[in-house]
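Asker: 3D model of this:
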Amino acid sequence: MKMQIVTKLSLLSWMCLAAAMVGCDTKGDVTVEGAPDLSEIVAPDVEMPTPHSPAEAVKTVSVKIDTMSCVEGCFNGIQSVLKKREGVVDVGLAPQKNTEGLIDNSVITISYRGELDRANIEKTILGAGFDGVEFVEPSEATATDSTGEPTK
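Answerer: Numbering: from 1, shown residues only. From the prediction side, this is the model:
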């Protein structure tokens, strides 16, 4: 009887150890139900970012994404993925009329240094599950940065 208890306790401790080793490593990421998982999106044949000089001028480009419909899942996910691209400094969302987290103006502004690989940006957005990617002239939409302030 005593041996069975020791065996069960030993087995239980091994199961706990195995569970701890497997774990759930979210690294603080928050997911939104129904939103695409953008944490592992990497466009094929993309080189790792190289550092740019802080003195290098920041330029912007605006991109309209037809299927981007919410701030929480869609925009925040796209922003997170695009900020990992080479040269990208910030990604902002155009001003919205709707204050409930839905997007009524699906234009983002990408601030970057150096040369921006538009094909790579488009591949990244399409790879994240969004359609209708179109580069637009900056005068067609004003975007804001991640804090809601207009970008320069």
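Asker: Please make it C-alpha for all contacts and neighbour counts, starting now.
Answerer: Will do.
Asker: Now do the closest residue to Leu102 other than its chain neighbours, the pLDDT please.
Answerer: Leaving aside its chain neighbours, Leu102 sits nearest to Cys70 (4.3 Å; criterion: Cα to Cα, 6 or more residues apart in numbering). On the pLDDT scale, Cys70 is placed at 91.
Asker: how about the helices in this structure?
Answerer: Taking DSSP state H, the helices of the chain run over residues 2-22, 76-82, 118-127.
Asker: looking at those helices, which has the lowest confidence?
Answerer: helix 2-22 (a mean of 52).
Asker: ok, so what distance separates Val107 from Asp117?
Answerer: 18 Å (Cα to Cα, to the nearest Å).
Asker: Compare these two (neighbour count), which wins?
Answerer: Using other Cα atoms under 10 Å, the more surrounded residue of Val107 and Asp117 is Val107, with 29 against 13.
Asker: Spatially nearest residue to the more buried one (excluding sequence neighbours)?
Answerer: With sequence-adjacent residues excluded and distances taken as Cα to Cα, 6+ apart, Val107 is closest to Lys64, at 4.3 Å.
Asker: List the residues that contact that neighbour.
Answerer: Ser106, Val107, Ile108, Gly132, Val133, Glu134, Phe135, Val136 (Cα atoms under 8 Å, 6 or more residues apart in numbering).
Asker: Noted, bye for now.
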